[in-house]
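Asks: Next come a sequence and a model predicted from it.
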Amino acid sequence: MDQLVASKPNGSLIQPTAAAEAFYCEVLQHMADSEIPFLVSGTYALASYTGIDRPTKDVDVFAKAGDALRLLAYFRDHGFDTVVVDERWLARVTRGELFVDIIYNMPTSSTHVTDEWFENAPTAELFGAKVHLVPPTEFIWSKIFVQDHHRYDGADVAHMILKCHRHIDWRRLLSRMELYWEVLLIAVMNFRFVYPSERDAIPDWLLDELLERLRNQAAVEPPGKKVCRGRIFSPRDYAIDVDEWGFSEAVGNLEEQYGTE
C-alpha cells in the first residue's frame, strides 16, 4: 500500500471553546511527552483522513490496556483528575466537564487494542502536538459495530472506505472480522449502495469471499437455539430480546447457557 499522509483538519466545523482547546492541547502534549504509545481516533482522526469536520465534545485516544493504566498514573502525577468510567473499556482524563477518553477495548465485541494497531500509524498535528492516528483498518474495525439507536457510525465507515480504501489492509480487516464476517458484508454492501460509481474501491476477492460464505451459510440448518447478536451492536436496544422474548446472548457465559457434558 502507498504511504498514507494524514491532512490537517481545517477547523471549519470543529470549533472547541477556548477552554476546551487549551485542555486538549495540554493533555495531548503531556501524552506525547510521556512517550506512552497512544493513537488519536474519533472526530479528529476522521477529519484528518477525509476532511469531514463536525462538532465534538471530546478527544478520543486509543491505547493498549496496560498503557492506559500508565497514562492514568502519568496524568495523576501531573495533577490531572482521572476516572475509570468502565473497567472493561474506558477511562478519562478530566477537568470539570471537559475530558479526553482513553479507550482500550470495544466492550460489546472485544475489539481490544494491540501492538498491531500502531503499525504504520500516520502522524498528524493536533492542537500543537504531534500525534499518531488510528490507522484506517483499525479505525473501521472500531467503528463498524457502533449501530445504536442513539449513534450509528455507518457513514464514518463508508467515508473512510471512500477516502482511504487504498490504505486499508483488507485481509487483516477480514481476519479481525472472522467471527463477524456478516457485519463486514453489511458494511461492504452499504458502501456499494451509497457509492455505486465507486464499487471498485472494494476488492473483488473480498466480495467474492463474503458472498461465498453467505451461499454456504444458506445451505446450513439455522441454529437450534434462539440467539440474538444485536446486543453486540447495542446492549440497550436489544435488551428486550433477551429479557422478555426468550433469546440467548450471543456472548457471555456459554457454560451457563448451554451446559457442559
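Replies: Yep, that arrived.
Asks: show me where the stretch 51-200 of the chain has strands.
Replies: Assigned by DSSP state E, counting those that start in this stretch, the strands in the stretch 51-200 of the chain fall at 59-62, 81-86, 90-95, 98-103, 105-106, 111-112, 123-126, 129-132.
Asks: Deepest-packed of those strands, please.
Replies: With neighbours taken as mean count of other CB atoms under 10 Å, the strands of the stretch 51-200 of the chain reach their highest mean count in strand 59-62, at a mean of 26. No exception for glycine: its C-beta is placed from N, CA and C like everyone else's.
Asks: in its sheet, what does it sit against?
Replies: Sheet pairing of strand 59-62 (DSSP bridges) gives strand 39-41 (antiparallel), strand 98-103 (parallel).
Asks: what's the nearest residue to residue 246 if we skip its chain neighbours?
Replies: Nearest non-adjacent residue to residue 246, counting by CB to CB, 6 or more residues apart in numbering: residue 226, 5.7 Å away.
Asks: how about that neighbour, what does it touch?
Replies: Residues in contact with residue 226 (CB atoms under 8 Å, 6 or more residues apart in numbering) are 246, 247, 248.
Asks: any chance of the residues you listed in JSON lines, plus secondary structure?
Replies: Converted to JSON lines, the contacts of residue 226 look like this (DSSP: H, G, I helix; E, B strand; the rest coil):
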{"residue": "246", "secondary structure": "coil"}
{"residue": "247", "secondary structure": "coil"}
{"residue": "248", "secondary structure": "strand"}
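Asks: distance of the residue minimising distance to the centre of the chain from residue 136?
Replies: Residue closest to the mean C-alpha point of the chain, counted by CA atoms, centre = their mean, is residue 142 at 1.8 Å. Residue 142 sits 11 Å away from residue 136, taking CB to CB, to the nearest Å as the criterion.
Asks: Leaving out the residues flanking it, which one is nearest to residue 71?
Replies: According to CB to CB, 6+ apart, the nearest residue to residue 71 is residue 36 (5.4 Å).
Asks: give the contact list for that neighbour.
Replies: Applying CB under 8 Å, 6+ apart to residue 36 gives the contacts 63, 67, 70, 71, 74.
Asks: The fourth one touches residue 63, doesn't it?
Replies: It refers to residue 71. Yes - the pair residue 71 / residue 63 is scored as a contact, 6.1 Å apart, by CB atoms under 8 Å.
Asks: got any residues that touch both of these two?
Replies: 36, 38, 102.
Asks: and residue 118, how many residues sit next to it?
Replies: As a burial measure, residue 118 scores 18 neighbours (other CB atoms under 10 Å).
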